[in-house]
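Q: Structure, please.
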Amino acid sequence: TREGVDKFPSPEDYWAKATDAIQGNYELYDLTAPALRELLEIRIQGFEKNKIIIALVTFPAILLVLFLFVAFYRAVMGTVKSLEDASKRMMEGNMDSLITLDSKDELSQVVTSFNSVAARLKQEWAQAREESARAVAAEANLKESNERFQSLSISSPVGIFQTNADGQYLYINPRWQEIT
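A: From the prediction side, this is the model:
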């Protein structure tokens, strides 16, 4: 039908309307581009400021973490060095080595345990020395007693002998040998 054909624009009208639309888009771009460019610059500057702020906050935070790490390391190593020195003194015989710490952390628990072991070791050391001294004295007494017995039994006019439960001789003095 002819009516439907009349509704469509002619190619010239279509071309003119399309050109007007494209021209309108260019004019809109020319009007909005400076404002968009300005907004984009403002955003970039904001990001630059944020980058500087982040850098200013991050750098001191890293320095603080580094400082805390070094301080912790030095504190731990100081305690370890004190424990090592005290144990060396103890190995040399100085049992009066106690370590003191002003902190209340896990290392102070280690030091407290070390001091407890050191105190107990000091007691055991003293007890061992006392027992050793008693043993040396008892050995000297036994040696002296044996020497007296030997002297008496050799010069005794009486025969002296000692046997075990099976009747085997354990000791016979010279006089007993002469008698038997």
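Q: residues making contact with stretch 39-47?
A: Outside stretch 39-47, no residue is within contact range by C-beta atoms under 8 Å, 6 or more residues apart in numbering. Where C-beta positions appear, they are placed from N, C-alpha and C, glycine not excepted.
Q: A strand includes Q162, no?
A: Yes - counting by DSSP: H, G, I helix; E, B strand; the rest coil, Q162 is part of a strand.
Q: now the strands for this structure?
A: Using DSSP state E, the strands of the chain run over 161-163, 169-172.
Q: Over to the closest residue to S153 other than its chain neighbours: give its phi and psi.
A: The shortest distance from S153 to any non-neighbouring residue, by C-beta to C-beta, 6 or more residues apart in numbering, is to N173 (4.1 Å). Main-chain dihedrals, N173, degrees, to the nearest 10: phi -80, psi 170.
Q: picking that back up, same list, the strands of the chain, but as JSON lines with mean pLDDT, distance to T79 and mean neighbour count please.
A: Formatted as JSON lines, the strands of the chain follow (pLDDT from 0 to 100; distance: least, C-beta to C-beta, whole Å; neighbours: other C-beta atoms under 10 Å):
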{"stretch": "strand 161-163", "mean pLDDT": "90", "distance to T79": "63", "mean neighbour count": "13"}
{"stretch": "strand 169-172", "mean pLDDT": "90", "distance to T79": "61", "mean neighbour count": "12"}
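Q: for those strands, which one sits closest to S151?
A: Closest approach to S151 among the strands of the chain is made by strand 169-172 (14.0 Å; C-beta to C-beta).
Q: Okay, now the unreliable bits of this structure?
A: Within the chain, the segments meeting pLDDT under 70 span 1-6.
Q: Repeat the analysis, applying 90 as the threshold.
A: Under the criterion pLDDT under 90, the flagged ranges of the chain are 1-10, 72, 74-126, 146, 149-156, 161, 171, 175-180.
Q: before we move on, back to that, the residue nearest to S153 - how many residues pack around it?
A: 20 (other C-beta atoms under 10 Å).
Q: which ones are touching it?
A: Applying C-beta under 8 Å, 6+ apart, the residues contacting N173 are 153-154, 156, 159-161.
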